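Colleague: whatever this is, show me its structure:
(one chain, ligands or ions: 1)
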Amino acid sequence: MKIVRSPSSLRRAVAAWRRKGLRVGFVPTMGALHEAHLALVRRARIACDRVVVSVFVNPIQFGPKEDLAKYPRPFAKDAALCRREKAALLYHPAVSTMYPPGARTFVEVSGLSQRYCGASRPGHFRGVATVVAKLLSQVAPDSLFLGEKDFQQLVILRRMAADLDFPVRVVGCPIVRESDGLAMSSRNVFLNPAQRAAAPEFHRALLAGVEESRRASATPASVVAAVRRRILKIPGARLDYVGLAETETLEPAQRLSGRLRLLGAVFFGNTRLIDNVPIRR
Ligand code: PAF
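Modeller: Below is the predicted model:
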């Protein structure tokens, strides 16, 4: 596995594969890789001949009070995991490579970026869309693999890729969970033992919403209320938001029909966890 830090070396490697007619898959990450990232790499390997993984802790998607400095950066371990999963190339650019002095261009996916996580993290999705647009232009993959845990991010990046004519297939991959249901996340390491013990209740609260949605008299409001009630009972949890949205547009669901997504975010101390489940009616 090659480790490269510059866009020019990256482009050279990808161009050489392209000349041989090989399909390139791309898994963007901020490192601190866990089983859910590795599942993306495996999924990409099934669909593509060569897999590029990026490890880049993107400063512009963190808010002023967020955990940029504390964000884990176990690069040697990440590289070993990528090698083990047979990624062909690990791209690890410096912040000054991605954002050289004088850089002033940002990508904003309006509408989709303002509600749910966007309301609690102003500017976050602008940072995500900007870095992923730059990475797509550098890697030029055939397929981009993203986890469904960050469901709003997935919808935004699909929209961004379509709107900016990136010739890439965006593949959403299922959430990977711990055996107790907690969605895997690099942030789970910040939970203390009591918070870690309570955290799976968040997923159970979303499942209570799914159960509510099956009742004949259920409405979008009753589904959201069922989840909120459960979250308010979780020891040490502070509700950020719960929403029920149309899967493609993330518009708040007006009726319980079609393909919907029940999304939420909860704080345990300073650690903010997100999760979501599908609802089909
Ligand atoms: O989901 C993430 O880890 C990040 O938001 C991403 C897509 C790698 C962009 O920095």
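Colleague: alpha carbons only for contacts and neighbour counts from here, please
Modeller: Noted.
Colleague: show me the contacts for residue 22.
Modeller: By Cα atoms under 8 Å, 6 or more residues apart in numbering, residue 22 lies in contact with 48, 49, 50.
Colleague: make it 6 Å
Modeller: residue 49 (Cα atoms under 6 Å, 6 or more residues apart in numbering).
Colleague: what does the one 10 residues further on give?
Modeller: Each residue near residue 32 by Cα under 6 Å, 6+ apart is listed here: 72, 73, 74.
Colleague: from residue 69, how far out is it?
Modeller: As judged by Cα to Cα, to the nearest Å, residue 32 and residue 69 stand 14 Å apart.
Colleague: then residue 44?
Modeller: Distance, residue 44 to residue 69, using Cα to Cα: 30 Å.
Colleague: and residue 125, by the same measure?
Modeller: With Cα to Cα as the criterion, residue 125 and residue 69 are 19 Å apart.
Colleague: neighbour count winner among those two?
Modeller: When neighbours are counted by other Cα atoms under 10 Å, residue 125 and residue 69 differ, and residue 125 comes out ahead with 26 against 10.
Colleague: and that one, helix, strand or coil?
Modeller: helix (DSSP: H, G, I helix; E, B strand; the rest coil).
Colleague: count of neighbours near the nearest residue to it once chain neighbours are set aside?
Modeller: Counting by Cα to Cα, 6 or more residues apart in numbering, residue 113 is the residue found nearest to residue 125 once chain neighbours are left out, at 5.8 Å. Using other Cα under 10 Å, the number of residues around residue 113 comes to 23.
Colleague: what's the answer for residue 265, then?
Modeller: 20.
Colleague: can you report phi and psi for it?
Modeller: phi -140, psi 140 (degrees, to the nearest 10).
Colleague: again with residue 177
Modeller: Backbone torsions for residue 177, taken as degrees, to the nearest 10, come to phi -120, psi 150.
Colleague: the residue nearest to it when sequence neighbours are not counted: neighbouring residues, count only.
Modeller: Leaving aside its sequence neighbours, residue 177 sits nearest to residue 183 (Cα to Cα, 6+ apart; 4.3 Å). Residues within reach of residue 183, counting by other Cα under 10 Å, total 21.
Colleague: wait, residue 183 sits on residue 174?
Modeller: No: Residue 183 lies out of contact with residue 174 (Cα atoms under 6 Å); the separation is 10.4 Å.
Colleague: follow-up on the earlier one: now do the same for the residue nearest to residue 125: helix, strand or coil?
Modeller: coil.
Colleague: what do you get for the one 5 residues further on?
Modeller: Counting by three-state DSSP, the backbone at residue 118 sits in helix.
Colleague: would you list the phi and psi of the closest residue to residue 247 other than its chain neighbours?
Modeller: Of all residues not flanking residue 247 in the chain, residue 260 sits nearest, at 4.9 Å (Cα to Cα, 6+ apart). Torsion angles at residue 260 (phi, psi; degrees, to the nearest 10) stand at phi -120, psi 160.
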